[in-house]
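A.B. asks: I'd like to go over a predicted model; first the sequence, then the structure.
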Amino acid sequence: MSDAYDALRERADAAWAAWQHPERPRIDIAIETSSLAGGAGDTLRALEAEIGRRGAAVDVGRVHGYGLQWLQPLADITWPDGTRVLYGPVTAEDVGLLVDEATGLVGAAANLAVGTLSGRRTGIPPIADHPFLAAETMGRRLLARIGHTDPESLDHYIATGGYFALDRMLSRHQDPASVRQLMIDANLTGRGGAWFPAGMKWNFLAGAAVEERYLICNADEGDPGGWVNRVLLEGDPHLIVEGMLTAAFATGARHGFFYIRNEYPLAVQRVRQAIADATAAGLLGDNILGSGFSCTLEVIRGAGAYVCGEETGLISSVQDGRGMPRVKPPFPAAAGVFMKPSNVNNVETYANVPLILRNGAEWFRQAANPAGTDIGTKIFSFSGDIARVGFMEVPFGVPLAKIIEVCGGMVGGGKLKAIQAGGPLAGYLPGSLLGELSLERAPFSKHSALMGGGGIVFIGEGSCSVDLNVMFSEFLEEESCGRCTTCHHGNQRMHEVFSRVAAGGGRNEDRHNLELVGSSLAYSNCVHGQASPTIMRNTLRLFEREYEAHVAEHRCDALRCAGMTRFRVADQSDPNLPAARDICPTGAIKGEPGAFEVDDSLCIRCGACTDLAPRGLVREAAPLGTAVPEQRVPKPPGVPAAAGRVPLSFQTTVIARPEGGMGGPPPFRR
Amino acid sequence: MPLETEATAEIRALVADLRPDDADMLEALHRVQHRYGYVSQEAMYVIADQLRVTPAHVYGVTTYYSDFRTTPPPEVTVAWCGGPACRLKNGAGIRDAMQAVLGIELGEDTADGRVGLVAGQCNGSCEQAPQVWVGERVVGRLTAARAVTLARALRDGADPASV
């Protein structure tokens, strides 16, 4: 090992020992995007005030949440003997209990205890025994530091083995080719959802003809319902820095970009901090750890464009432009940022690199699905109509039924209607397939869907597939870069058709037109357009009856679609009806106690009234021909807002049928 | 390039360390928007000059990204989360209710410049679903009824921190 590393390690070990066995009790608050959404900022302020008011001998620290997001804000107490207990949810009102507990009133916060992170405490089980973590059968590798260390501390990272593998690689003057080969031997594949072998990508870059080349970390995690990268960026930023440094060494790159989406401001801040701290410690910049190897990193903050998650879109965005994907080839390894050879990997791919470098390919391959096709562990985030929302790290191949079980089942004991994995480009599968599905690629592709980058949304029976297609097609339309007519018009048509179906104006030819749009989208330049019909196709094939009920029978069984439902006063005796009348944003509820009624022509079906008077008002199926509130109909593009609402009839789009009748989709030609 | 004024000099100082062909465009736009709340036409001219591109190019980039504004921001911006977890919990109803109260659609501001409504993107705090952001602050576990109350309060001038 290098002397420089040993010196860093010595300092880090001392800091880490003091963190694990503090002189006086310390209360750590989880500070990250999800905890802050749950009020961790208020908790922290209240805690500091409470400690100040009491003059309590307690310190305050910072961690990343452990993954049990439904219990946010999470907090933990570390006692001088090294015992550490996780608590949640700790609101601003609960901080007194935590201070009591920390200062020796054993059991004061017992009701908030989740589990022990280290040591033992009577009556509190180890966190590993928590039912939510029952699927983490390989333990936490990528998430090893999450919830244990201060994510902003370089010392904590180093003391827990960080930069060890990098230093060993540099001080032994390892052959860059052997590092690339190690990633191939480990079978590390792209975690963003494409699963391309990372080592092969690195070989492409290493073999580039031009000396000046770039590395890019794709942290533009735009899929709604997925936040795997966010956890790593906010919870262990040095892990990604070390992964990129290793990749730079292996490929000959000397500069790297983090491209982080604008929705993750804390990730931007923490990665910038990590880069600054690593640079100050001699782990980044010129002559790293005295080895002669040099590399710099910088953060680029995105600005709200989903398609920048596509690698060529990301490259366009980095080089001062609109983030529009371009046609491949040339591939980034030949002409990427500033037309120089470049390599783009996902955050989680880079995160695996230091672990493989440290522990070897064989260790990495220990975690795999039963078929041995998907190697390693993977972080997944779970949301939707489940009782426990959060993230965890599992080996591939865990049955989805097991995941629903650890996530506490569906909210209210309801049934699973659908599974939406991997964001709006990946797929939409019915709950009846639950028994066949597991967290690996094959079962998803078998049903023409993709597993994607790690976000899984469980959808309960109260939802409507047509309504969800309105949402996804709107997103896809909005996020199309606009270059290919197939994509920007195709997605507009898709959104229009689904909006019209949801508004009660479905027509028999819509289905054919949707399939036609889907087949022409295949000709788009980039994966955004090519994959955008996936959910629509899944829906038409696997939720056929539900779709047809909307079109042919004007029926939305989930009572979600505006055009097929209405609100009616069901019980005049509900004392909450006056409040419901007052809350209605359009004044659609009229009358006096005993004689309330809903004016259907004003009602926009927002549901505010039933929130307040669930007994007095019901949402029910509307008879055919019910007037559709215009508010529901999207404006055509190019019409400024000030122009007001556009009558429904202008929305009609006729898609020409191919000559020779309906036919099938055109054959795909290369 | 228009004449140098006090305003343009201030913008110039803000982006003075940024370089052409150095992946600095988004950084320049973020700095300007952070400082002024939006990217004005004169700022586009200054950035173009600094990064040696045409003002049209800067305009193209600015308007390509949904997080940059080209007009002064309202006093408070409400970002509605359009993600799936929120949608499952009546997210659409919450949007429609707020639009009806404020008389605007997503992407618009009220005529008095008080409240703006934009589409926000899922950031993975889905345990709070359905949620909106009032400024930087998350207001989670909403109902349509609460959204109506919130939108009315903001419309009538309530302190955004109190709703």
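C.D. replies: Now that the structure is in, tell me what you want to look at. Numbers count the residues shown, from 1 in each chain, chains lettered A, B, ... in the order given.

A.B. asks: what's near enough to touch the residue lying closest to A:Ala622 once chain neighbours are set aside?
C.D. replies: Counting by C-beta to C-beta, 6 or more residues apart in numbering or on different chains, A:Arg566 is the residue found nearest to A:Ala622 once chain neighbours are left out, at 4.1 Å. All C-beta spots, glycine's among them, are computed from the backbone N, C-alpha and C. Contact partners of A:Arg566, counting by C-beta atoms under 8 Å, 6 or more residues apart in numbering or on different chains, are A:Val598, A:Asp600, A:Cys603, A:Arg605, A:Arg619, A:Glu620, A:Ala622, A:Thr626.

A.B. asks: what about the third one, is that helix, strand or coil?
C.D. replies: If I follow you right, that is A:Cys603. Here A:Cys603 is coil, with the state taken from DSSP: H, G, I helix; E, B strand; the rest coil.

A.B. asks: Contacts only, for the closest residue in space to it that isn't next to it in sequence.
C.D. replies: Nearest residue to A:Cys603, sequence neighbours excluded (C-beta to C-beta, 6+ apart): A:Ala588, at 4.1 Å. Neighbour list for A:Ala588: A:Phe567, A:Val598, A:Asp599, A:Asp600, A:Leu602, A:Cys603, A:Ile604 [criterion: C-beta under 8 Å, 6+ apart].

A.B. asks: same thing but at 6 Å, please
C.D. replies: By C-beta atoms under 6 Å, 6 or more residues apart in numbering or on different chains, the contact list for A:Ala588 reads A:Val598, A:Asp599, A:Leu602, A:Cys603.

A.B. asks: Can you pull the poorly scored residue ranges out of chain A?
C.D. replies: Chain A contains residues with pLDDT under 70 at A:625-670.

A.B. asks: Spell out which residues of it are next to chain B.
C.D. replies: With C-beta under 6 Å from any C-beta of the partner chain as the criterion, chain A meets chain B at residues A:33-34, A:37, A:69-70, A:224-225, A:227, A:230, A:262-263, A:300-301, A:303-305, A:318, A:320, A:322, A:383-385, A:389, A:457, A:463, A:471, A:583, A:585-586, A:604, A:606-608, A:611-612, A:641.

A.B. asks: Mark which of those residues are part of strands, please.
C.D. replies: Here DSSP state E is the test, and those give A:Ile300, A:Arg301, A:Ser383, A:Gly384, A:Val457 as lying in strands.

A.B. asks: ok so, going back, so what are the sheet partners of the host helix or strand of the residue nearest to A:Ala622 and their directions?
C.D. replies: Assigned by DSSP states H and E, A:Arg566 belongs to strand A:565-569. Note on strand A:565-569: by DSSP bridges, its sheet partners are strand A:617-621 (antiparallel).

A.B. asks: and the closest residue to B:Gly120 other than its chain neighbours, bridged to which residues?
C.D. replies: Leaving aside its chain neighbours, B:Gly120 sits nearest to B:Ala79 (3.2 Å; criterion: C-beta to C-beta, 6+ apart). Beta-bridge pairing of B:Ala79 under DSSP bridges involves B:Val118, B:Trp133.

A.B. asks: could you list every residue that touches B:Ala79?
C.D. replies: Applying C-beta under 6 Å, 6+ apart to B:Ala79 gives the contacts B:Val118, B:Gly120, B:Trp133.
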